[in-house]
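>>> When you get a sec, could you give me coordinates for this:
(one chain, ligands or ions: 1)
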Amino acid sequence: MAINRPKGTEDHLPALSPKLTLDVSAQAHSWLVEKARRVLERAGAQRIDTPLFEEADLVKRGVGGSTDIVRKEMFTVYYFGDHGGYILRPEGTAAIVRSYLQNGLKQLPAPLKLWTHGPMFRAERQQRGRLRQFHQVDYEVLGSTDALVDAEAIALMVGVVRELGLTGVRVKLGSIGDPEDRERYNTYLRELFTPQLERLSDDSKDRLTRNPMRILDSKSASDQELLAELGVRPMLDFLGEEAGAHFRAVQGYLTEWGVEFDIDPSIVRGLDYYRRTAWELHHEGVGAKSALGGGGRYDGLAQELGSKETIPGIGWAFGVERLLLALEAEGMALPELAGPLLYVAALDEVNVPHAARTAMSARAHARAEFAYRAMKPAAAFRDAERRGAHWVALLGTDEVTQGTLSLKNIRTGEQRSLAAADLAAFLQEHA
Ligand code: AMP
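The predicted structure follows:
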């Protein structure tokens, strides 16, 4: 029986694959990451990469024991003779903070801006835009509590969206306050929901003891009905003085820079370590329940991971597949096959190695391919065309002995004869 890829994973395929869509196009993925890289590196962010698996404790402490991620969605890594205490990473932040602490990155100029890209793993129920292995572009800033850093982080997310050419994106901005503010809010929520216990979904009953705020995030329709009926007051009503001032400062910067946003009192980020600024980016083409990305401030995380001092931090992550779904909804075409500038074919079997050598030396200057066996001209042109080539060189014994090349542009029909020694200059001119 044939073996298929695991549920909730995708293959990223080459151009011209049958049934190709943007979200599974390998070329579209790298195009997107390259755009994001440019935006982030221009802002001073440096690349960091951490392992795909980490100590389970890092994820438990870093993401939070009451989250769905830790309770239901972790992939455990086992290998022979090991205790199985490793987890495939479900997100990037905890590991980046771990790496910052472990590698003494505090010595670098603060605030330190970092970015990464790669696969993340969560054993979620698969649906459109929700995968078990998905990809994120991630940006983190460590070492500053300044509201200017928060505003810049949000502006950079919008910058990536613009660089991609996406238009229908909304920023939903909120604040979840400081831990004391959240405690007061959770007390309010407990008092509100406890008399309604029987009407809550099982998950939310559990949330009521562990972290009542998460009930607001519930995906259950009956929970959402109850929320609407009770007219729950928003977290924003419970912001303390400092968190309130911070939130107003963030909004002030964004307004000054012309970054549009909507205040969304219902923003509750799924992960435990967030505080103060929290936001999400949404797009109609992907659906209201599925954010393109989100971020938040996490000043308490480093201490949670064992740091003696507070290392303030803030960061965001985009879901790459979600961005590609949004681009597809906006009508973006699949990337074209990046064909060779030069395609070399020998007309006789004895000249095949020469054709190969010609193409291989051309690669110092341009994308070049060759035919692996002798071909008649019509077959060579057909093959070159299918591969998306521009110029075709057919090598017969005359060309090989005289050291020349007869080139034909298969798109325009233009023909050129060239001394083989001039090929490099020709390719540079046409690259
Ligand atoms: P989070 O780390 O949960 O804040 O997620 C950040 C972003 O990653 C989300 O806004 C999504 O775009 C993306 N994302 C999260 N979980 C998944 C998933 N299971 N499948 C695809 N994308 C996801």
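
>>> drop to CA atoms for contacts and neighbour counts, all remaining ones
Noted.

>>> By proximity to the ligand, which residue of the stretch 51-200 of the chain wins?
Distances between the stretch 51-200 of the chain and the ligand by Cα to the nearest ligand atom are smallest at R130, namely 3.4 Å.

>>> what helix or strand does M120 sit in?
If you go by DSSP states H and E, M120 is part of strand 112-121.

>>> Need the residues that contact that strand.
Defining contact as Cα atoms under 8 Å, 6 or more residues apart in numbering, one finds that strand 112-121 is touched by 33, 40, 44-49, 52, 74-75, 88-92, 132-143.

>>> Excluding chain neighbours, what is closest to the residue of the stretch 51-200 of the chain closest to the ligand?
Of all residues not flanking R130 in the chain, E124 sits nearest, at 7.3 Å (Cα to Cα, 6 or more residues apart in numbering).

>>> Number of residues surrounding that neighbour?
Using other Cα atoms under 10 Å, E124 has 16 neighbouring residues.

>>> Equivalent analysis for I3, please.
5.

>>> Please apply the same query to S266.
S266: 18 neighbours (other Cα under 10 Å).

>>> Just read off the phi/psi values of it.
S266 adopts backbone torsions of phi -90, psi 0, taken as degrees, to the nearest 10.

>>> For the remainder of this discussion, apply numbering that starts at 86.
New numbering, starting at 86: the last item is S351.

>>> how close does the nearest residue to it once chain neighbours are set aside sit to A465?
Residue nearest to S351 in three dimensions, not counting chain neighbours: P319, with 6.5 Å by Cα to Cα, 6+ apart. Distance from P319 to A465, counting by Cα to Cα, to the nearest Å: 68 Å.

>>> which SS state does the residue sitting nearest the centre point of the chain fall under?
The chain has Q221 as the residue nearest its centroid, 2.6 Å off, counting by Cα atoms, centre = their mean. Put simply, Q221 is strand when judged by DSSP: H, G, I helix; E, B strand; the rest coil.

>>> As CSV, could you dump the C-alpha coordinates of stretch 508-516?
Output of stretch 508-516 as CSV, limited to C-alpha atoms (Å, rounded to 0.1, in the frame of the first residue of the first chain):
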residue,chain,number,x,y,z
LEU,A,508,29.6,33.0,-23.7
ALA,A,509,30.3,34.4,-20.2
ALA,A,510,29.9,38.0,-21.4
PHE,A,511,26.8,37.1,-23.4
LEU,A,512,25.1,35.5,-20.3
GLN,A,513,26.0,38.4,-18.1
GLU,A,514,24.5,40.8,-20.6
HIS,A,515,21.3,38.8,-20.8
ALA,A,516,20.9,37.8,-17.2
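
>>> Let me know the average pLDDT across that stretch.
Over the span of stretch 508-516, the pLDDT mean works out to 90.

>>> likewise stretch 92-99?
The average pLDDT within stretch 92-99 is 95.

>>> Endpoint to endpoint, it covers what distance?
The straight-line separation of the ends of stretch 92-99 (Cα to Cα) is 21 Å.

>>> From the chain's centroid, how far away is it?
15 Å (Cα atoms, centre = their mean, to the nearest Å).

>>> Please state the offset of stretch 445-454 from the chain centre?
Once both centres are worked out by Cα atoms, centre = their mean, stretch 445-454 turns out to sit 32 Å from its chain's centre.

>>> residues making contact with it?
By Cα under 8 Å, 6+ apart, stretch 445-454 touches 424-429, 441, 444, 508-509, 512-513, 516.

>>> What pLDDT is listed against R360?
pLDDT for R360: 89.

>>> for R123, same thing?
If you check R123, the pLDDT there is 98.

>>> Now do the SS call for I399.
Here I399 is strand, with the state taken from three-state DSSP.

>>> If you tally nearby residues, what's the number for it?
Applying other Cα under 10 Å, I find that I399 has 27 neighbouring residues.

>>> my read: it touches L227, true?
Yes: I399 is within contact range of L227, at 6.7 Å (criterion: Cα atoms under 8 Å).

>>> Once you drop chain neighbours, what's closest to K493?
In space, and not counting its chain neighbours, K493 is closest to Q500: 4.5 Å by Cα to Cα, 6+ apart.

>>> What does L125 show for phi and psi?
Dihedral angles (degrees, to the nearest 10) for L125: phi -70, psi -40.

>>> right, and it touches I239 too?
No: in this structure, L125 is not within contact of I239 by Cα under 8 Å, at 11.8 Å.

>>> Between these two, which is the more surrounded one?
In this view L125 and I239 are compared by other Cα under 10 Å, and I239 has more residues nearby, 27 against 24.

>>> Would you mind listing what in the stretch 386-516 of the chain touches the ligand?
Residues of the stretch 386-516 of the chain found near the ligand (Cα under 6 Å from any ligand atom) are A402, F403, G404, R407.

>>> could I get those residues as CSV with neighbour count?
CSV is the format used below for those (neighbours: other Cα atoms under 10 Å):
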residue, neighbour count
A402, 24
F403, 24
G404, 22
R407, 26
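
>>> picking that back up, touching the ligand at all, the strand holding M205?
No: on the criterion Cα under 6 Å from any ligand atom, strand 197-206 is out of touch with the ligand, staying 7.4 Å away.

>>> Check which strands are paired with that strand and give the direction for each one.
strand 131-132 (parallel), strand 218-227 (antiparallel) (DSSP bridges).

>>> What would it look like as CSV? C-alpha coordinates only.
This file holds the C-alpha atoms of strand 197-206, laid out as CSV (Å, rounded to 0.1, in the frame of the first residue of the first chain):
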residue,chain,number,x,y,z
LEU,A,197,18.0,43.3,20.4
LYS,A,198,15.9,42.5,17.4
LEU,A,199,15.8,39.0,16.1
TRP,A,200,13.9,37.1,13.5
THR,A,201,13.5,33.5,12.4
HIS,A,202,11.5,31.4,10.0
GLY,A,203,10.7,27.7,10.1
PRO,A,204,8.2,24.9,10.8
MET,A,205,6.1,24.7,14.0
PHE,A,206,4.2,21.7,15.2
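
>>> after the helix or strand hosting R292, next one along is what?
Assigned by DSSP H and E, R292 belongs to helix 287-295. Going down the chain from helix 287-295, the next helix or strand is helix 306-315, by DSSP H and E.

>>> Show me which residues of that following helix are buried.
Residues of helix 306-315 classed as buried by neighbour count (16 or more other Cα atoms under 10 Å): D308, Q309, L312.

>>> try stretch 93-103
Neighbour count says stretch 93-103 has G93, H97, L98, A100 buried, by 16+ other Cα under 10 Å.

>>> now do the same end-to-end measure for stretch 157-174.
End-to-end distance (Cα to Cα), stretch 157-174: 14 Å.

>>> actually stretch 432-439, not the one I wrote
One end of stretch 432-439 sits 11 Å from the other (Cα to Cα).
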